[in-house]
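Participant: Need a 3D model of the following:
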Amino acid sequence: MTSLNFSRPKVIRVFMLAASLLLASLLVTYFVGEHALASHRRIAAIRSLLSHLEVFISTLKDAETGQRGYLLTGDERFLEPYRRSLATAHDEMATLRAAAASGELPAERVDAMVQLAEEKLEELGKTVQMRQDGEGDRALARVRSGFGRLVMDKIRVEVGGLATAKEAELRAALNYAESAVTIRTLTFIGTSVLNLAFLGWACRRITREMVIRETAELENVRQKELLATSLSSIGDGVILTDVNGGITFLNPEAERLTGWKSAEASGKYLPEVFRIINETSREAVENPVEKVLRLGTTVGLANHTILISRGGGETAIDDSAAPIRQPGGPLFGVVLVFRDFTAQRKAEEDRTRLAAIVEFSSDAIFSENLEGVIQTWNAGAERMFGYSAAETIGKSTSLLIPEECRVDEAQLMEKIRTGQPLIQFETVRLAKGSRRIPVMINVSPHRDHDGQIVGASEILHDITEILAARQTLARGKEELEGLVEERTTRLTEMVTELQQLSYAITHDMRAPLRAMSMFAQLLIEKSLNGNRPKDELNYCRRILTGANRLDLLIRDALNYSQAVLRELPLEPIDLSGLLHGLIETYPNLNPDVADITIEGRVPWVFGNESLLTECFSNLLGNAVKFVAPGVRPKVRVWGEVSEEWARIWIQDNGIGIDPRAHPRLFGMFQKLESGYEGTGIGLAIVRKVVERMGGKVGVESVPEQGSRFWVELRICPTDTRS
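Facilitator: Numbers count the residues shown, from 1 in each chain. The predicted model follows:
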């Protein structure tokens, strides 16, 4: 007993010394941590400025690239990145001016840089305006003068100088932060060594209490098991960490939200498992456990925090973190409690949105209890009825109901009480001063948390203008129908006359052309037999060629007119047989002329045989015709089948088509290559006949890489084929 009394003061003094050292280390760590945080904020600010400088110079380069592209090509599409770059450049200049005003950057250098940038942007704008005014050569001459490059070089020098200075500041801040971490580490090591000495001295005293502690440990294990069971059964996510922020436990809800199993996460630092960002800025949010360890108090997350799961999923959460310690004892861990806030946030947003809709709706919206007493009254109701909310809330809805409608209102409320389905209906309501308003009413019941009906809401729309429009519309039905019938008859007559005129013109035009061709051929034969001058022979051949070309144009125009005007029935067509027949009968598709391969079985489709013949003879003819000189045409044909449609592809090895010409390729008289025969009507006929059969046509092509035309038609079911 005496020995125990003698040693107790020593234990207290040693303990106080160790506690003082621990407190000193905590204070040093705290202040070093504060300086480190300030240093990191400084580092972040410097990096942000460096980023803005990089974006600024990059934006000017993009603007210059857009300008050069437009000056060289005149293509307006180059102006889009140029204009975006102008807007971004002005934003970045404003940011750099703000940094200069706050002392983050030297004002003189920023002003000089901004002035140079404005000169550069002015130079870009002038050259673009010159190009738009038709002075492209003058604009290019201004660019070649080197003035813009000289200004850009000066800007680079200024930006480089600012960046170099800020990079030096960044290195200094990084060194300072590293020193702070070193000091904190050394402080912990020194304190740990002293505490270990204290622990060695105290070990023999603790040994005597082992039996008691073993008993307490068993109780502690039981309590831990009870705690683990409790934590596993609650609906919120729970994560436990040690004093270093290392994870020791995740409950099932935390596993679900983070995507980590407790065993996998054990020992990892919290930021590896619990990744949180701000929903708006997408910046990382401070680790709550580190904040608790630093402050030693309970902390909560800011609003709009997003948890990123292991698989990349995002969940809106709210949480709190609290220190774990014995009463009056040191902190030995942190408990983090968080929950999925998605449903609550959506509910809040829905409530806010609904409240805004109700408040600012142009319709009158109010609610009432089952006794017909008004509970709420929106601004639309004030405008419609002339009563303020103060004049109506707490009053009976009979204030708004004409005498002749009150029986109907009583029946309506009875339907609401019994939960019967309601429909919208038209009626009359009374505004202030007994003014009658025709309205359309929608009524819906209100239910409490138990699902019991406790009232109703009414939405009233003023239908005065609708009723007036109905009356006007009723008076004009007969007149409109008569006018439509008269105009339809006139249009039908005009179309018939135009069809007859078109046929007569094209038919009669071919007669003199045949005569021209015949006499030109006779002159050629006579010239050959009579040794006529070569000039006369050449003239006759040109006349014959022109007449034949005009005759082809007339025939194509006739085909186009027939494709537009003829009423032809659609029926099941064996497209594979039709394609093979074209290749066998058309001389320009003969195997001696071209290699045409039909791969697989092309499906049956709904169509018209004459229209399909017109379509695919044009497409195959073009595939064979439009090849480079000396190249043998090679054409592939195949079909792709979906649930209701068949797409037939025709691929060639021809000269290809510039993508800029694709939009006008299927128009009338769009002859893109002057070196090849044709009237420019063939693809227009293809488009028209395919559309007449309810299908689509398109192309995929680039110059010198051939073309892939496709025709999409409705597929023919097996049971409809003959």
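
Participant: Residue 599 contacts residue 640, correct?
Facilitator: No. The criterion here is C-beta atoms under 8 Å, and residue 599 misses it with residue 640 at 10.9 Å. Every C-beta, even on glycine, is put in place using the N, C-alpha and C of the backbone.

Participant: and those two? which has more neighbours close in?
Facilitator: Set residue 599 next to residue 640 and count neighbours by other C-beta atoms under 10 Å: residue 640 wins out with 13 against 10.

Participant: Confirm that one sits in a helix?
Facilitator: No. Assessed with DSSP: H, G, I helix; E, B strand; the rest coil, residue 640 is strand; it does not lie in a helix.

Participant: low pLDDT regions in the stretch 301-450 of the chain?
Facilitator: Applying pLDDT under 70 to the stretch 301-450 of the chain flags the ranges 301-303, 327-328, 347, 349-360, 421-423.

Participant: now the helices: where do they sit in it?
Facilitator: Secondary structure of the stretch 301-450 of the chain (DSSP state H, counting those that start in this stretch): helices at 342-360, 379-385, 389-392, 406-418.

Participant: tell me which residues of the shortest one are tucked away?
Facilitator: Of the residues in helix 389-392, those buried by neighbour count under the rule 16 or more other C-beta atoms under 10 Å are residue 392.

Participant: Does anything pack onto that helix? Which helices or strands?
Facilitator: With contacts defined as 3 or more C-beta pairs under 8 Å, 6 or more residues apart in numbering; DSSP states H and E, the packing partners of helix 389-392 are strand 374-377, helix 379-385.

Participant: Quick check, central residue of the chain?
Facilitator: residue 280 (16.9 Å; C-alpha atoms, centre = their mean).

Participant: average pLDDT across the helix ranked longest in the chain?
Facilitator: The longest helix of the chain (DSSP state H) is helix 2-73. For helix 2-73, mean pLDDT is 74.

Participant: Tell me where the stretch 101-250 of the chain has strands.
Facilitator: Along the stretch 101-250 of the chain, counting by DSSP state E, counting those that start in this stretch, strands occupy 237-241, 247-250.

Participant: Give me the phi and psi angles of residue 450.
Facilitator: phi -90, psi 0 (degrees, to the nearest 10).

Participant: how many neighbours does it have?
Facilitator: 6.

Participant: any idea how far it lies from residue 480?
Facilitator: Here the criterion is C-beta to C-beta, to the nearest Å. By it, residue 450 lies 55 Å from residue 480.

Participant: How about residue 694?
Facilitator: 31 Å.

Participant: And what about residue 699, helix, strand or coil?
Facilitator: strand.

Participant: gap between it and residue 463?
Facilitator: Taking C-beta to C-beta, one finds residue 699 at 53 Å from residue 463.

Participant: next one: residue 477
Facilitator: 20 Å.

Participant: Same check on residue 300?
Facilitator: Relative to residue 463, and taking C-beta to C-beta, residue 300 is found at 52 Å.

Participant: Over to residue 645?
Facilitator: 46 Å.

Participant: same thing with residue 295?
Facilitator: Separation of residue 295 from residue 463 (C-beta to C-beta): 63 Å.

Participant: Which one's more surrounded, those two?
Facilitator: Comparing residue 295 with residue 463 by other C-beta under 10 Å, the one with more neighbours is residue 463, at 17 against 11.

Participant: Pop out the phi and psi values for that one.
Facilitator: Torsion angles, degrees, to the nearest 10, at residue 463: phi -110, psi 30.

Participant: Kindly tell me how buried residue 608 is, as a neighbour count.
Facilitator: 18.

Participant: Hmm, it is touching residue 572, no?
Facilitator: No. Look at residue 608 against residue 572 with C-beta under 8 Å: they stay out of range, at 10.9 Å.

Participant: what about the residue nearest to the residue nearest to the centre of the chain when sequence neighbours are not counted, how many residues close to it?
Facilitator: Using C-beta to C-beta, 6 or more residues apart in numbering and skipping residues adjacent in sequence, the residue nearest residue 280 is residue 304, 5.8 Å away. Neighbourhood size, residue 304 [other C-beta under 10 Å]: 15.

Participant: Use 44 as the first number for this chain going forward.
Facilitator: Right, with 44 as the first residue, what we last looked at is residue 347.

Participant: Residue 347: what's it in contact with?
Facilitator: The contact partners of residue 347, by C-beta atoms under 8 Å, 6 or more residues apart in numbering, come to 321-323, 359.

Participant: which of those residues count as buried?
Facilitator: residue 359.

Participant: Before I go, just wanted to say thanks for your time.
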